[in-house]
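**Q** Build me a structure from this.
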Amino acid sequence: MEPRILLFLFALGTILLYTQVHGDRSFSIDYDNDRFVKDGQPFRYISGSIHYARVHPAYWQDRLNKMYAAGLNAIQIYVPWNLHEPTQGKYNFEGIANLTQFLTLANKTGLLVIARLGPYICANWDMGGLPSWLLRLNPSMQLRTADPTYTDPVDNWLNVLLPKIKPFLYKNGGPIITVQIENEYGSYPACDHDYMSHLQHVFHSILGDDVVYFTTDGPADKNLRCGSIHDAYATVDFGSGQNASAHFATQRKFAPHGPNVNSEYYPGWFDHWGEPHNMIDKAIIAKSLDEMLKLGASVNMYMFEGGTSFGFWVGANDKNMEYKPQCTTYDYDAPLTEAGDPNEKYFAIRDVISKYKTVPHGPIPPATPKKSYGIVTMETMDSLYDALDIISPNEPIRATYPVTMEEVQQSFGFILYRTTLTKDYFKPVNLSAPGVHDRGYVLINQSPVGILERLGPNSINIICRQNDTLDILVENMGRVNFGLGIKDFKGLVSNVTLDGIILQPWMIYSLDLDRLIPKASLPRQRVTNQQAGQQQVPTFYVGSLPEITIPQDTYLKISAKQWSKGQAYINGFNLGRYWPTKGPQITLYVPGPILKPSPANNTLVLFELEYTTCGDPDASEPCMVEFIDTPILNGSVPSRTQQKVTYYEACFNCWGYLLAMGLICVSMPIVMILLKVSCKNMDKVKVDVL
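**A** Here you go, the predicted structure:
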């Protein structure tokens with residue numbers, strides 16, 4: 001038989017096999033009838049967002065089962081570029097980053113997938129999912145534009161990601177029905193259509209033309225004008241209590257035909273440190289969802305399961321130039337709690353969905369068991385200085401002026417800046433660091449003297465001597481994830497002055513806490529000169545949980561009575577930031593799978609940055625934390641009168657003062673006339689105006 005005939009028969013067999021396996025799978029938009037079509041039948045999705053990187057992989061299936069049981073027929077995911085390419089050219093698709101495993105589970109569960117692949121995703125995730133090493137490649141890089149220094153690494157990333165996505169497209173037997181290009185681009189001031197066209201070309205060249213591509217933007221003409229693109233279906237996002245018909249009418253201006261789609265319907269909201277916990281009543285959420293489904297809309301609920309921003313992945317906002325770091329919890333007041341438990345909102349939403357489609361029969365998967373492991377006594381392990389050789393084993397970088405975290409190829413955590421002072425100051429002088437990003441702990445000769453903050457105060461008064469060692473430990477509290485502020489360098493991003501004189505030179509220590517955490521077994525008790533109730537040297541504390549028969553979920557409660565602010569680890573797993581003195585989050589979620597059954601030991605490490613009552617002989621309680629079975633996410637926060645004055649508040653107060661003075665000046669002539677009239681019998685009236 002001729003080779004050409006053999007090749008033809010092989011190709012025909014492949015086509016027949018593909019048809020037998022996948023059938024006539026198709027997903028498209030029926031523009032004539034304003035709807036989606038799946039396998040030739042009218043279709044609309046009722047979806048919920050879940051971020052695989054915010055849920056322990058051992059619980060992926062549990063969460064998917066609960067979402068399916070709620071009546072959802074799809075889920076929506078983000079793919080964070082910085083999670084998968086933490087270092088340029090080195091990729092991670094293991095553990096919590098095992099994207100293909102997650103997609104496989106979704107497919108087996110019977111859930112379709114709406115894939116939002118970026119490269120920018122927002123997601124209240126550090127730098128909106130963009131890797132921080134971009135800032136080192138070119139500090140003047142124009143992010144999210146057609147700047148080649150940006151699009152070149154974007155293309156490299158997409159050429160790794162998209163081939164992994166392609167087998168999971170619906171047409172290829174996978175669950176992915178739609179693919180988003182970029183994310184809410186209309187809210188980004190660049191409005192670079194060449195950039196969007198470039199991305200579109202890359203997506204089409206790898207995934208093909210027969211994919212439903214879409215964009216998402218807020219329901220305003222200016223957003224959709226910049227965010228939408230030819231051959232990608234324009235959708236909108238908005239929350240509860242709003243006029244859905246009006247918002248869909250705005251969508252219609254840019255997508256005249258096709259289904260109404262709300263790509264982000266918010267059943268809750270995220271939290272910032274120092275602000276009250278956000279909650280939205282279930283009745284309001286159910287009512288607005290019902291209204292949209294009545295209109296025949298496809299709706300995705302963002303978030304349906306929020307999860308946790310473990311490690312250092314949490315983002316921040318900078319609305320009106322006010323930097324606002326977000327809490328570790330991403331509970332979002334979602335239908336499934338941070339721990340994946342169905343709540344009242346879950347059942348209210350399920351009841352609404354049941355009016356429009358059949359929901360699965362049978363019992364709802366139960367909440368995961370929770371365990372109160374009780375009190376754990378903490379002991380001093382190492383101070384920052386005791387551990388410095390371990391967490392910064394290499395020689396410090398020497399520079400005339402401070403360099404950023406990104407310049408020393410560090411993405412997250414902490415960095416230490418050190419300089420030697422060259423002059424005596426016997427009276428307080430001003431130490432100023434206007435470029436501290438985000439929080440600086442100041443020590444002279446290893447003794448704490450104050451804290452510098454990005455929003456202020458970013459200066460303190462100190463007394464020092466010639467040859468004193470000045471250290472500033474800078475904490476990166478999360479890069480801005482929305483707007484132009486995403487270009488958010490960390491560390492000391494500008495010069496530091498003392499009495500108006502620029503300090504130089506510097507030694508810079510890049511710190512990696514993960515080098516110490518595995519060694520956290522034996523307390524060494526080497527910390528000295530710690531005074532309770534005052535700022536202390538940042539210090540590691542260690543404790544052991546009681547014996548565990550069956551590991552179960554729990555919550556680490558860190559009381560503001562004993563602790564202030566820091567980072568928590570269990571068995572080397574970075575739970576995230578704690579800050580009970582700021583609130584509202586008091587507990588950190590501990591997934592059961594990171595705990596070990598007896599006889600293995602479970603070790604807790606806290607890196608406390610500010611102060612603790614540990615070591616205080618007058619303390620009413622021992623140095624401890626507690627593991628409880630209920631979260632506390634709505635703790636008290638500082639009142640407005642207690643919070644520091646922001647730049648804008650200061651400006652407002654200043655203008656108010658000037659206005660008052662202006663009114664006084666304007667009124668003074670009138671006052672003088674009245675005085676002259678009332679004192680006409682006096683020889684002289686003198687009015688001094690200061």
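**Q** just the helices in the chain please.
**A** 3-22, 60-69, 81-84, 99-109, 133-137, 148-165, 193-207, 221-227, 244-254, 282-294, 344-353, 384-391, 647-678 (DSSP state H).
**Q** worst average pLDDT in those helices?
**A** The stretch with the lowest average pLDDT out of the helices of the chain is helix 647-678, scoring a mean of 40.
**Q** my read: Asp32 touches His257, true?
**A** Yes. Assessed by Cβ atoms under 8 Å, Asp32 is found in contact with His257 at 7.2 Å. For every residue, glycine as well, the C-beta is placed using N, CA and C.
**Q** Show me which of the two is the more surrounded one.
**A** His257 (13 against 8; other Cβ atoms under 10 Å).
**Q** so who does the more buried one touch?
**A** 31-32, 34 (Cβ atoms under 8 Å, 6 or more residues apart in numbering).
**Q** low-scoring stretches of the stretch 551-690 of the chain, by residue?
**A** 640-690 (pLDDT under 70).
**Q** circling back to that earlier point, strands - which of the contacts of His257 land there?
**A** Residues of the contacts of His257 located in strands (DSSP state E): none.
**Q** and which of these is nearest Pro139?
**A** Closest approach to Pro139 among the contacts of His257 (Cβ to Cβ): Tyr31, at 45.1 Å.
**Q** wait, isn't that closest one in contact with Gly258?
**A** Yes. If you go by Cβ under 8 Å, Tyr31 and Gly258 touch, sitting 5.6 Å apart.
**Q** More neighbours: those two, which one.
**A** Set Tyr31 next to Gly258 and count neighbours by other Cβ under 10 Å: Gly258 wins out with 21 against 13.
**Q** Look at that one and report its pLDDT.
**A** According to the prediction, Gly258 has pLDDT 98.
**Q** Next one: the residue nearest to Glu264 when sequence neighbours are not counted relative to Gly128, how far apart?
**A** Leaving aside its sequence neighbours, Glu264 sits nearest to Asp237 (Cβ to Cβ, 6 or more residues apart in numbering; 3.4 Å). From Asp237 across to Gly128, the span is 15 Å (Cβ to Cβ, to the nearest Å).
**Q** With neighbour numbers in mind, choose between those two.
**A** Neighbours per residue (other Cβ under 10 Å) separate Asp237 from Gly128, with Gly128 holding more: 30 against 19.
**Q** If you drop the residues flanking it in sequence, what lies closest to that one?
**A** Nearest one to Gly128, counting by Cβ to Cβ, 6+ apart, is Asn481 at 4.2 Å.
**Q** What is the burial count for that neighbour?
**A** Asn481, neighbours per other Cβ under 10 Å, totals 25.
**Q** Against Tyr188, how distant is it?
**A** 12 Å.
**Q** can you check Asp217 too?
**A** 10 Å.
**Q** what's the answer for Leu484, then?
**A** Counting by Cβ to Cβ - Leu484 and Tyr188 are separated by 7 Å.
**Q** More neighbours: those two, which one.
**A** The residue with more neighbours, out of Leu484 and Tyr188, is Tyr188; 24 against 13, by other Cβ under 10 Å.
**Q** nearest residue to the more buried one other than its sequence neighbours?
**A** Arg144 (5.5 Å).
**Q** what's the neighbour count on that neighbour?
**A** 26.
**Q** residue contacts, it?
**A** Taking Cβ under 8 Å, 6+ apart, we find Arg144 in contact with 120, 150, 182, 185, 188, 190, 192, 195, 486.
**Q** The first one and Gly128 touch, don't they?
**A** Pointing back at Tyr120 there. Yes. Assessed by Cβ under 8 Å, Tyr120 is found in contact with Gly128 at 4.9 Å.
**Q** What about the residue nearest to Ala387 when sequence neighbours are not counted, how many residues nearby?
**A** Excluding the flanking residues, the one nearest Ala387 by Cβ to Cβ, 6+ apart is Leu516, at 5.1 Å. Each residue near Leu516 was counted by other Cβ under 10 Å, and the total is 20.
**Q** thinking again about what came up before, would you mind grabbing the residues shared as contacts by Asn481 and Tyr188?
**A** In contact with both Asn481 and Tyr188: no residue, using Cβ under 8 Å, 6+ apart.
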